[in-house]
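[1] From the sequence below, what's the structure:
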Amino acid sequence: VQLQASGGGLVQAGGSLRLSCAASGRTYGMGWFRQAPGKEREFVAGMRWSTGSTYYAESVKGRFTISRDNARNTVYLQMNSLKPEDTAVYYCAARAGARSDWARSYEYDYWGQGTLVTVSS
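    Numbering: from 1, shown residues only. Next comes the predicted model:
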């Protein structure tokens, strides 16, 4: 499965961006992670394809929304009320089957290239 992420850019604090991740095939679930300079990669949001169940990191709950377009095999991450601390390279990932924890990056089988999100203060 190949993943193609897009939608990053520069936005002012309080603004919004929508990231997209197009998958070449259907998987069990998708996730978004991010990595800020000098920090470890962290979980942002995840979604199970079949049920639409969603999972979020506490830091983004109420601000970010993960959604999907089944026909296009595409997952989106709508990011609102962006903060400078949201600045990072965002990665989409996919898992081939059920795993124990959506937040664990090593439980994902496929990764897309990152897309940079910069939030200015």
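[2] Can you pull out the residues in contact with stretch 93-109?
    Outside stretch 93-109, the residues that touch it by CB atoms under 8 Å, 6 or more residues apart in numbering are 1, 3, 23, 27-33, 41, 43, 46, 55, 57, 110-112. For every residue, glycine as well, the C-beta is placed using N, CA and C.
[3] The same query, at a cut-off of 6 Å, please.
    The contact list for stretch 93-109, computed with CB atoms under 6 Å, 6 or more residues apart in numbering, reads 1, 27-31, 33, 41, 43, 46, 55, 110-111.
[4] now do stretch 7-17
    18-20, 79-80, 82-84, 115-121.
[5] shaky segments in the protein?
    Along the chain, no part satisfies pLDDT under 70.
[6] tell me, what residue is most central in it?
    residue 32 (2.2 Å; CA atoms, centre = their mean).
[7] List the single closest residue to it in space, sequence neighbours excluded.
    residue 44 (4.3 Å; CB to CB, 6 or more residues apart in numbering).
[8] burial measure for residue 40, as a count.
    For residue 40, the count of nearby residues is 8 (other CB atoms under 10 Å).
[9] Which stretches in the protein count as strands?
    3-6, 9-12, 17-23, 29-35, 42-48, 54-56, 64-69, 74-79, 88-95, 110-111, 115-120 (DSSP state E).
[10] TSV for those, including distance to residue 102?
    Converted to TSV, those look like this (distance: least, CB to CB, whole Å):
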stretch	distance to residue 102
strand 3-6	16
strand 9-12	26
strand 17-23	15
strand 29-35	6
strand 42-48	4
strand 54-56	4
strand 64-69	11
strand 74-79	13
strand 88-95	8
strand 110-111	15
strand 115-120	20
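[11] still on that earlier bit, ok, of the contacts of stretch 93-109, which come out buried?
    With neighbours counted using 16 or more other CB atoms under 10 Å, these contain these buried positions: 27, 29-31, 33, 43, 46, 55, 110-111.
[12] need the contact list for residue 36.
    Per CB under 6 Å, 6+ apart, neighbours of residue 36: residue 88.
[13] switch the cut-off to 10 Å
    When contacts are counted by CB atoms under 10 Å, 6 or more residues apart in numbering, residue 36 touches 42, 85-89, 117.
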